[in-house]
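> output the structure for:
(one chain, ligands or ions: 1)
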Amino acid sequence: MADIGLVGLGVMGANLALNMADNGHTVAVFNRTESKTDAFMDAAGDLSARLVPCRSLGELVAAITPPRPVVMMVPAGAAVDQQAEALAEKLAPGDLMIDAGNANFRETQRRTELYQERGFAYLGIGVSGGEEGARYGPSIMAGGAAEAYARVEPILASIAARYDDEPCAARVGPDGAGHFVKTIHNGIEYADMQMIAEIYGVLRDGYDMAPADMAAVFDRWNGGRLKSYLIEITAKVLAATDPDTGRPMTEIILDTAGQKGTGRWSAIEAQDLGVPATVIEAAVAARSLSARRDLRQTGAARLGAAAGTASDPLGDRDSAIGRLERALLAGKIAAYAQGFDVMTQASDVWGWNLPFGTIARIWRAGCIIRSVFLDDIARAYAEAGAIDNLMLVEPFAAMLNEAEADLRAVVAAAVAQAIPVPALSSALAYLDTMRSARTTANLIQGQRDFFGAHGFQRTDRDGDDFHGPWAMGLGG
Ligand code: 6PG
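As a prediction, the model looks like this:
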């Protein structure tokens, strides 16, 4: 009999099933298109001994030892509802449904309630690491009841990536908490990727650097404080050449970025919670604008080249490279501070009690944003417990102080040369606002009171409902 079932043998599902089999678990698998199951079994090699191909959901359910855990790895959205409903018809009370796709956490909350009411257990787990991660060790962020997670923890921990021999799998909270944390992971992923792309833009358009030379720069950075999977693969993407034309791959790839929704969800949730996640928002917007290629082509034709200055405020190429590295680090600190802030507020609002240190720890390996930087975050949480904003605690405050001038110089140089850096400049504006003891919102309060009598607080008296002289017709 199988220990667990898995429905949906797409790239992620197939690799998760192989990973489980590889770690000694017997997995019953089912895919709606039967030929996919056959192809999967043919390719499984020796692992097929621990894989039970099933031709129907009924067969799948009959093949698993009760109480049955069944992983659904189907596209987020309506497909999950259909799959869960079909499973519910076959499963017995007490069985456990696990949605391992990139679901919207609100849908996971709804489904958890729905299926728990019907006697099933339900987990929503975020799985990060792409194809390779699914096969050899993803990072797993689980949400749901503690008892439900405990039932599959041995399996999930065994297939997860490991950092210092600690599995990168954890229950982070009830119902939708796991999918929420995965959503924010992806928002941060968008921010990281966008800022890297902006730095690439400065090197390409400001310094006319060839992709192979840029690859060497990113490769070198990967030996320092920016060491991370995304920097590593950036170097590889830049170094690759197109086998058909011999040209650098980055010259061949069209500049329109796709997105499946998780980045946008993280920006939407941040807005909903009233938490500024401006670096993430800028990254989402940049992807959206990149996709409007026709509009940009018209813009390029109608508006022409900007009257950028020819000056080179970053200095020669070598000193510029050092400044760009530190600017990227500063931007990264702002993006992670925002992402963790969104999770902190969500945790309060939903009563999740998210374990931030654990989240940082399980992001250190397996997932797309894995980096040495996350080890610093994990340590900061271990030392401080609760953190208001990552930018304000060590070692990040010191890193920011060291790198801030470089972020400013890079943004200024890019602006002067008309190279768009929306995420890096958002990070800088966030940093500048965070250090402002006095903002300009006093004027906004005056405006609000002027046109809507919304009231304001005064600097010199207690109370929160003062009005300006305009209220009496004296203002103007
Ligand atoms: C991961 C990735 C993964 C996937 C996203 C990317 O953590 O493994 O985030 O979930 O790559 O679907 O989404 P976009 O298509 O929106 O870039």
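> helix or strand: which one has whatever residue of the stretch 351-476 of the chain ends up closest to the ligand?
Here the stretch 351-476 of the chain gets closest to the ligand at one residue, I368, 4.3 Å apart by Cβ to the nearest ligand atom. Where C-beta positions appear, they are placed from N, C-alpha and C, glycine not excepted. Under the criterion DSSP states H and E, no helix or strand holds I368.
> give the contact list for F30.
Counting by Cβ atoms under 8 Å, 6 or more residues apart in numbering, F30 makes contact with 5-7, 9, 37, 53-57, 59-60.
> quick check on those residues: which are buried?
With burial judged by 16 or more other Cβ atoms under 10 Å, the buried subset of the contacts of F30 is 5-7, 9, 37, 53-54, 57, 60.
> so which of those belong to helices?
Under the assignment DSSP state H, the buried ones among the contacts of F30 contribute 37, 57, 60 to helices.
> next one, pLDDT for D316 please.
Listed pLDDT for D316 reads 88.
> quick one, helices of the stretch 301-450 of the chain?
317-350, 356-362, 372-384, 396-416, 422-434, 441-452 (DSSP state H, counting those that start in this stretch).
> now the ones in helices among the buried ones among the contacts of F30 as CSV including pLDDT and distance to F451?
CSV is the format used below for these (pLDDT from 0 to 100; distance: Cβ to Cβ, whole Å):
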residue, pLDDT, distance to F451
T37, 97, 64
L57, 97, 60
L60, 98, 63
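> so what strands line up beside the helix or strand in which I98 is found?
Per DSSP H and E, I98 falls inside strand 96-99. Applying DSSP bridges, strand 96-99 is found paired with strand 69-72 (parallel), strand 121-128 (parallel).
> can you tell me how far the closest residue to M41 other than its chain neighbours sits from Y200?
The shortest distance from M41 to any non-neighbouring residue, by Cβ to Cβ, 6 or more residues apart in numbering, is to P53 (5.1 Å). Separation of P53 from Y200 (Cβ to Cβ, to the nearest Å) stands at 45 Å.
> about what we covered before: does the strand holding I98 come close to the ligand?
No: if you take Cβ under 6 Å from any ligand atom as the test, strand 96-99 misses the ligand, and the best it gets is 13.5 Å.
> what's the distance between D460 and E113?
51 Å.
> do I have it right that M434 meets L390?
No: with contacts counted by Cβ atoms under 8 Å, M434 stays clear of L390, the gap being 10.8 Å.
> neighbour count winner among these two?
L390 (26 against 14; other Cβ atoms under 10 Å).
> OK, contacts around the more buried one?
333, 336-337, 340-341, 377, 380, 396.
> change it to 10 Å
Shown in contact with L390 (Cβ atoms under 10 Å, 6 or more residues apart in numbering): 333-341, 344, 356, 360, 376-377, 380-381, 384, 396-397, 400.
> with adjacent residues omitted, what lies nearest to it?
A337 (4.0 Å).
> so that neighbour makes contact with M343?
No: shown here, A337 and M343 do not form a contact pair, counting by Cβ atoms under 10 Å, at 11.1 Å.
> re earlier: okay, now the residue nearest to L390: neighbour count?
27.
> what parts of the stretch 1-150 of the chain come near the ligand?
102, 128-130.
> specify which member of those is nearest to the ligand.
Nearest to the ligand among these, with distances taken as Cβ to the nearest ligand atom, is S128, at 3.1 Å.
> contact partners for the nearest residue to the closest one once chain neighbours are set aside?
Excluding the flanking residues, the one nearest S128 by Cβ to Cβ, 6+ apart is C367, at 3.6 Å. When contacts are counted by Cβ under 10 Å, 6+ apart, C367 touches 126-130, 133, 138-141, 161, 168, 182, 185-186, 188-189, 229, 374.
> switch to 7 Å and redo it
128-129, 133, 139, 185 (Cβ atoms under 7 Å, 6 or more residues apart in numbering).
> pretty sure I196 is in a strand, no?
No: read with DSSP: H, G, I helix; E, B strand; the rest coil, I196 is helix and lies in no strand.
> how much space between it and the ligand?
14 Å (Cβ to the nearest ligand atom, to the nearest Å).
> what of M343?
In terms of Cβ to the nearest ligand atom, M343 sits 16 Å off from the ligand.
> pretty sure that residue contacts P355?
No: M343 sits out of contact with P355 when judged by Cβ atoms under 7 Å, with a separation of 10.4 Å.
> center of this structure, which residue is that?
The residue lying closest to the centre of the chain (Cα atoms, centre = their mean) is N186, at 1.5 Å.
> can you tell me the closest non-neighbouring residue to that residue?
For N186, the closest residue by Cβ to Cβ, 6+ apart turns out to be T262, at 3.7 Å.
> hmm, N102 and that neighbour touching each other?
Yes: between T262 and N102 a contact is recorded at 5.4 Å, counting by Cβ under 7 Å.
> for the residue of the stretch 351-476 of the chain closest to the ligand, report the pLDDT, please.
pLDDT, I368: 98.
> please name the residues that touch it.
Per Cβ under 7 Å, 6+ apart, neighbours of I368: 128-130, 189, 229-230.
> just checking, L238 touches D219?
No: assessed by Cβ under 7 Å, L238 is found out of contact with D219, at 8.9 Å.
> more neighbours: the two, which one.
Taking neighbours as other Cβ under 10 Å, L238 and D219 compare with L238 leading, 24 against 16.
> pLDDT wise, what is M472 at?
69.
> do A306 as well
84.
> share the number of residues neighbouring the residue nearest to it when sequence neighbours are not counted, please.
The shortest distance from A306 to any non-neighbouring residue, by Cβ to Cβ, 6+ apart, is to A418 (3.4 Å). Residues near A418, counting by other Cβ under 10 Å, number 13.
> okay, domains of the chain per the record?
Taking automatic domain parsing as the reference, the chain has its domains at 4-175, 183-434, 440-476.
> out of the ones you listed, which gets the lowest mean score?
Taking the mean pLDDT of the domains of the chain, domain 440-476 comes last: a mean of 91.
> for P243, phi and psi?
Dihedral angles of P243 (phi, psi; degrees, to the nearest 10) stand at phi -60, psi -30.
> sorry, that was for Q259
phi -160, psi 140.
> for Y163, same thing?
Per degrees, to the nearest 10, the backbone of Y163 is at phi -130, psi 120.
> hang on, it packs against I362?
No: if you go by Cβ under 7 Å, Y163 and I362 don't touch, sitting 8.1 Å apart.
> give me the more crowded residue out of the two.
I362 (32 against 20).
> how about that one: what's its closest non-neighbour residue?
C168 (4.2 Å).
> in this structure that neighbour contacts T358, no?
No: C168 is beyond contact range of T358, at 9.9 Å (criterion: Cβ under 7 Å).
> who's more crowded, these two?
C168 (26 against 19).
> show me the contacts for the residue nearest to A239 when sequence neighbours are not counted.
Spatial nearest neighbour of A239, chain neighbours left out: A215 (3.8 Å); criterion: Cβ to Cβ, 6+ apart. Neighbouring residues of A215 by Cβ under 7 Å, 6+ apart: 235, 238-239.
> list the buried residues in the host helix or strand of A215.
In this assignment (DSSP H and E), A215 forms part of helix 211-221. Neighbour counts over helix 211-221 (16+ other Cβ under 10 Å) mark 211, 214-219, 221 as buried.
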